[in-house]
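Chemist: Give me coordinates for this.
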Amino acid sequence: MADTAIRYISMLQLIPRHPRSISTTALQAALADQGFDINVRSIQRDLEKLSAFFPLIADESVKPYAWSFDAQAAAQIFPMLDMPAAVTFELARAYLTPVLPPKVLSHIEPHFKEAQTVLKRNGSALAHWPEKIRVIARGLESQRPILDAAILEAVTQALLNNQKCEMVYQARRWPAPETITLNPLGLVFREPNTYLIALIDGRDNVRQLPLHRMQQVKVLPELVDVPAGFNLDDFISQGEMHVLHSDKPVELVLQCDKPELSHLLASPIGQNQEIIEETDKGFTLRVTLADSKDLRWWLLAQAAHITIQSPDWLRAEVLAQTKIALKRLSE
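Modeler: Residues are numbered from 1 along each chain as shown. The predicted structure follows:
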């Protein structure tokens, strides 16, 4: 009886959610790999018994039958979610809902529902947790481009399996879409866009390609060609995700006001930020950053609360931009 119960659990774990399915023949092979010796006829009988207690669907239009879980069925998680895990799923839902397309979210929606069920069980105070949390982007939030779920799925598959992919791509400066072959190296979410970090066959340099500019993605059997020494974290830290003014990093020294910029003490603007001096009214920091447009936008936005002590050329550049802004505001 114990072996039968374990086989039932293993069988249920092998059955995918609709519209995917698995045949009884494939189930037999998968169970055999786990050490269960059972014929197809017995598997069919077991599934018919289990369907009385679980939301299983049989596709009788094919032989042998193909089985799947109902697409809207609650997730069957062993062991059952506890309160901390349920809260974690709720936080994940809050963060992921604005980022992922609906079709992708639908695959994990049952887990979110299970989490909500756990939170509401037995009158827990956490039942109202979803009403008490919100995720708000810092600064002005741009509307996210429409992202094709099928493209995200294909790109993710290629990335996970280290396979090349072919696609029709329209870069902003290209006069027309082109068919290109990519070596996917990483995926980066940078508001409001999702970028594939990849090397284009026949071209130099690793590039960042927004997914919303991709069409007709096809995963290829060939394995990716990874550039020697490539590391995704190094790619990001070197400023490649920014629009760069130059390849030279900027060693920045700023005098910052309190309390307006006190958050920089707890949330540094760079990994190597150091506080040189601190008083009740302000602090001086040193940090090395990529020479990017983002840096200039930030300096201009904080101009009323910072003094750029070095480099001199960047202080002069920000001052010139500020004078232009003052002139336009005065018109």
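Chemist: which stretches of the chain have low pLDDT?
Modeler: Low-confidence segments of the chain (pLDDT under 70): 1-2, 73-83, 98-99, 101-103, 121-127, 129-130, 133-144, 237-245.
Chemist: Show me how the record splits it into domains.
Modeler: Using automatic domain parsing, the domain parsing of the chain gives 2-69, 83-132, 149-237, 250-330.
Chemist: Rebuild those as TSV, extending it with mean neighbour count.
Modeler: Any C-beta I mention is one placed from the backbone N, CA and C, and that applies to glycine too. Shown next, in TSV, are these (neighbours: other CB atoms under 10 Å):
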stretch	mean neighbour count
domain 2-69	15
domain 83-132	15
domain 149-237	15
domain 250-330	14
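Chemist: distance of the residue nearest the centre of the chain from His18?
Modeler: In the chain, the centroid-proximal residue (CA atoms, centre = their mean) is Phe189; its distance is 5.5 Å. Distance, Phe189 to His18, by CB to CB, to the nearest Å: 28 Å.
Chemist: go on, Gly229?
Modeler: 44 Å.
Chemist: for Ala301, same thing?
Modeler: Distance from Ala301 to His18, by CB to CB: 49 Å.
Chemist: cool, and Lys49?
Modeler: 20 Å.
Chemist: Output stretch 182-198 as PDB, nothing but the C-alphas.
Modeler: Listed next in PDB are the C-alpha coordinates belonging to stretch 182-198 (Å, rounded to 0.1, in the frame of the first residue of the first chain):
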ATOM      1  CA  LEU A 182      21.900  35.200 -31.900                       C
ATOM      2  CA  ASN A 183      24.000  33.600 -29.200                       C
ATOM      3  CA  PRO A 184      21.900  34.300 -26.000                       C
ATOM      4  CA  LEU A 185      24.100  35.100 -22.900                       C
ATOM      5  CA  GLY A 186      21.700  36.600 -20.400                       C
ATOM      6  CA  LEU A 187      18.400  38.300 -19.700                       C
ATOM      7  CA  VAL A 188      18.200  41.700 -17.900                       C
ATOM      8  CA  PHE A 189      15.100  43.400 -16.600                       C
ATOM      9  CA  ARG A 190      15.700  47.200 -16.600                       C
ATOM     10  CA  GLU A 191      12.600  49.300 -16.300                       C
ATOM     11  CA  PRO A 192      10.600  49.600 -18.400                       C
ATOM     12  CA  ASN A 193      12.200  47.100 -20.800                       C
ATOM     13  CA  THR A 194      13.400  43.500 -20.900                       C
ATOM     14  CA  TYR A 195      16.700  43.000 -22.700                       C
ATOM     15  CA  LEU A 196      18.400  39.900 -24.200                       C
ATOM     16  CA  ILE A 197      22.200  40.100 -23.800                       C
ATOM     17  CA  ALA A 198      23.600  38.400 -26.800                       C
END
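Chemist: Just give me how far that stretch sits from the chain centre.
Modeler: 9 Å (CA atoms, centre = their mean, to the nearest Å).
Chemist: repeat for stretch 7-22
Modeler: With CA atoms, centre = their mean as the basis, stretch 7-22 stands 27 Å off its chain's centre.
Chemist: Just the element for Val219, please.
Modeler: According to DSSP states H and E, Val219 maps onto strand 214-223.
Chemist: hmm, who's touching the next helix-or-strand element following that strand?
Modeler: Later in the chain than strand 214-223, the nearest helix or strand by DSSP H and E is helix 232-237. The contact list for helix 232-237 (CB atoms under 8 Å, 6 or more residues apart in numbering) reads 185-186, 188, 197, 206, 241, 271.
Chemist: Enumerate every residue touching Glu274.
Modeler: With contact taken as CB under 8 Å, 6+ apart, Glu274 is in contact with 285-287.
Chemist: Redo these as JSON lines? Include distance to Gln13 and secondary structure.
Modeler: Below are the contacts of Glu274 laid out as JSON lines (distance: CB to CB, whole Å; DSSP: H, G, I helix; E, B strand; the rest coil):
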{"residue": "Leu285", "distance to Gln13": "52", "secondary structure": "strand"}
{"residue": "Arg286", "distance to Gln13": "54", "secondary structure": "strand"}
{"residue": "Val287", "distance to Gln13": "49", "secondary structure": "strand"}
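Chemist: What is the nearest of those to Leu105?
Modeler: Proximity of the contacts of Glu274 to Leu105 was ranked by CB to CB; the top entry is Val287 with 37.2 Å.
Chemist: That closest one reaches Asn272, doesn't it?
Modeler: Yes: if you go by CB atoms under 8 Å, Val287 and Asn272 touch, sitting 6.2 Å apart.
Chemist: Where is the longest strand in the protein?
Modeler: strand 178-190 (DSSP state E).
Chemist: Would you mind giving the contacts of Glu274 as JSON lines with distance to Trp313 added?
Modeler: Converted to JSON lines, the contacts of Glu274 look like this (distance: CB to CB, whole Å):
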{"residue": "Leu285", "distance to Trp313": "19"}
{"residue": "Arg286", "distance to Trp313": "17"}
{"residue": "Val287", "distance to Trp313": "17"}
